[in-house]
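Enquirer: could you look at this predicted model? Sequence included:
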Amino acid sequence: MLPAVVAVLLLAVPLGTMVVATDPASLAAALRSEAVRHALWLSVVTSTAAIVICLVLGLPLAWVLARVDFPGRRLVRSLVIVPMVLPPVVAGIALRTAFGRSGLLGRPLLDLTGFAFPYTTWGVVLAHVFVALPFVVISMEGGLRAAGPLYDAAAATLGASRWLTFRRVTVPLALPGIAAALVLGWARSLGEFGATITFNGNYPGVTQTMPTLIYVERQADGDAVLALSLVMLLVSVGVLVALRDRWLVTA
């Protein structure tokens, strides 16, 4: 029991002290700031776009890892996990070597379309997808494994195609786990900083998300940093609580 209490305190005390230390006037000023509104809006938009992409790409990958036994499955799972343990700056450098203007994929893309990811809002989305996708895939795989393959087999014996079984049986059974994975990935994306600033810089209105704005303000105004951090805390907790109440409750 005591270790559990210590664990809760370890998580709760820093957040509580941040709330207590925040000056209400600074919080009100932060909420009125145009820069904060733009950065928060950009964070929400890019995180939402990233999580949609993670759903489209991650759910099939999670299903393959959970349901299909193929040579190299452990290797694929290991490759999926690697970005979770990379230092964020290293993740940004990896994105630059692949999708930068002179990168392996970035140069052909630039030559063919004239578009380059770095220092654009789409670059922020790409960075968010890179860091959030592993969390989404691994969490979804757990949800799919918990649902079990027996219902899939029963549907197959009744003549259902693999696609029909996936849509009407597998996904509904694993929906709580899938929703949890999306919430986790969205929250991870919302708080992403290292890969984003390394790959995209910090341009207000284009690539400046709330975490990068907090980093900039940290060097100038401590009260503003506390206020901005509290805004992020309130947004994150509010969204997670709302989504949990609606989607993540399992009977």
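Expert: Arrived safely.
Enquirer: counting residues per helix, which one in this protein is longest?
Expert: helix 34-67 (DSSP state H).
Enquirer: show me what that one is packed up against.
Expert: Secondary-structure packing of helix 34-67 (3 or more Cβ pairs under 8 Å, 6 or more residues apart in numbering; DSSP states H and E): helix 73-85, helix 121-147, helix 171-190, helix 210-218, helix 222-247. Using the backbone N, CA and C atoms, a C-beta is placed for each residue, glycine as well.
Enquirer: between helix 171-190 and the first one, find me the angle.
Expert: Read that as helix 73-85. Here the directions of helix 73-85 and helix 171-190 differ by 30 degrees (axes from the mean of the first three to the mean of the last three Cα atoms, to 10 degrees).
Enquirer: residues of the longest helix of the chain that come out buried?
Expert: 36, 38-40, 42-44, 46-47, 49-51, 53-55, 58-59, 61-67 (16 or more other Cβ atoms under 10 Å).
Enquirer: try stretch 163-180
Expert: Neighbour counts over stretch 163-180 (16+ other Cβ under 10 Å) mark T165, F166, V169, T170, V171, L173, A174, P176, G177, I178, A179, A180 as buried.
Enquirer: now do stretch 228-240
Expert: Within stretch 228-240, the residues that qualify as buried are L228, S229, L230, V231, M232, V235, V239, counting by 16+ other Cβ under 10 Å.
Enquirer: got CSV for these, with pLDDT and distance to P83 too?
Expert: Converted to CSV, the buried residues of stretch 228-240 look like this (pLDDT from 0 to 100; distance: Cβ to Cβ, whole Å):
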residue, pLDDT, distance to P83
L228, 77, 26
S229, 81, 25
L230, 79, 29
V231, 78, 27
M232, 78, 22
V235, 75, 24
V239, 67, 23
